[in-house]
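In: can you look at this prediction? I've put the sequence above it.
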Amino acid sequence: MNIRALLRYSAILIVILVNIGCDQVSKHAVRNHIDSHEQIQLLNNNVLLMKVENTGAFLSLGDSMSPLAKSILLSALPLAALVLLVFWLFAQNHGKWAVFALCCIAGGGIGNIYDRIMYGSVTDFLFIQYGMFRTGVFNFADVSITFGTCTLLVQQLMGNKKLN
């Protein structure tokens, strides 16, 4: 293996691990310092910190599924997809921005899957409201996944020219 490949693999691992680390540190702080029904208001009440244990997927979709269906659809299949994504990142040569975006998606996905497997739910804690704009309750893994997806979308819309 040459030095360039080693640096590339190291960068991929670092970006994935930083995403997982930020997610897990923030969730650990929320689990240990915010009570279940507590709300902490920030930025003129536009950002709320709260602890929500989400046993479903995005916006609690699938929350009422059977335990077996949840295990398959919310843990096993996403875990398999993430393993394939990480192997694909190492095996294929992609542009720098595409690699960064895919690493964000992988790191965020791994952070949420880790929660689901270890705790049976994903800890969400951020809610933003500004005027008519309101989000669901989310976490930093969700931010990583969304950022990575938007970056890939912008890259595709720009024809892969400016973000490589």
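Out: Here it is on my side, so go on.
In: could you dump the worst-scoring helix or strand of the chain on mean pLDDT to PDB, C-alpha only?
Out: The weakest-scoring helix or strand in the chain, judged by mean pLDDT, DSSP states H and E, is helix 67-70 (a mean of 76). Extracted C-alpha coordinates of helix 67-70, given in PDB (Å, rounded to 0.1, in the frame of the first residue of the first chain):
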ATOM      1  CA  PRO A  67     -39.900  -6.000  17.800                       C
ATOM      2  CA  LEU A  68     -38.900  -8.400  15.000                       C
ATOM      3  CA  ALA A  69     -39.800  -6.000  12.200                       C
ATOM      4  CA  LYS A  70     -38.000  -3.200  14.100                       C
END
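In: quick one: that helix to chain centroid distance?
Out: With CA atoms, centre = their mean, to the nearest Å as the basis, helix 67-70 stands 21 Å off its chain's centre.
In: buried ones in it?
Out: residue 70 (16 or more other CB atoms under 10 Å). Bear in mind the C-beta positions are built from the backbone N, C-alpha and C, glycine included.
In: and after that helix, which helix or strand comes next?
Out: Toward the C-terminus, helix 67-70 is succeeded by helix 77-91 as the next helix or strand (DSSP states H and E).
In: next, the buried residues of that next one.
Out: Of the residues in helix 77-91, 78, 79, 82, 85, 86, 89 count as buried by neighbour count, 16+ other CB under 10 Å.
In: give me the mean pLDDT for that helix.
Out: The predicted model gives helix 77-91 an average pLDDT of 92.
In: the helix or strand just after it versus helix 77-91: what angle between them?
Out: Later in the chain than helix 77-91, the nearest helix or strand by DSSP H and E is helix 96-119. For helix 96-119 against helix 77-91, the angle by axes from the mean of the first three to the mean of the last three CA atoms, to 10 degrees is 150 degrees.
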